[in-house]
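[1] need a structure here:
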Amino acid sequence: MTKQAVDVFRSCIPLFTALSDPARQDIILLLAERESLSVNEIADASTLSRPAISHHLKILRDNQLVKIEQQGTLRYYSLTLENSVSQLKELIDIVEQDCIL
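    Numbers count the residues shown, from 1 in each chain. Presented below is the predicted three-dimensional model:
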């Protein structure tokens, strides 16, 4: 395996970690169904508390899986998967090039 392949794998660890949690997966799926939601709207659709939802949204935001749009005093979250999809495509490409015999 090349150093580039190892580097790409390592760079995906935070993304995999963010995607590995079922609560965050549920938030992603919920946001995929709707254009944007506030923390309260996400909490209403979940069994988790509002602080727990905020924690998970921060992790998703830190990994560029969601973005925030401020509307007055409310913050609305929506999916922004472009960077993550690009990162995963890069991983797939490198695996196909370097790891498949």
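
[2] going forward, measure contacts between C-alpha atoms and count neighbours the same way
    Noted.

[3] okay, strands next: where are they in the chain?
    Counting by DSSP state E, one finds strands in the chain at the ranges 37-38, 66-71, 74-79.

[4] over to the most centrally placed residue in the chain: give its phi and psi.
    Closest to where the C-alpha atoms of the chain average out (C-alpha atoms, centre = their mean) is Leu65, at 3.4 Å. Main-chain torsions, Leu65, degrees, to the nearest 10: phi -100, psi -20.

[5] and the gap between it and Lys3?
    Spatial separation of Leu65 from Lys3 under the definition C-alpha to C-alpha, to the nearest Å is 27 Å.

[6] and Arg94, how far from Ala32?
    In this structure residue 94 is Ile, not Arg. In this view, Ile94 and Ala32 are 28 Å apart by C-alpha to C-alpha.

[7] between those two, point out the one with more neighbours.
    The neighbour count for Ile94 versus Ala32, taken as other C-alpha atoms under 10 Å, is higher for Ile94 (19 against 13).
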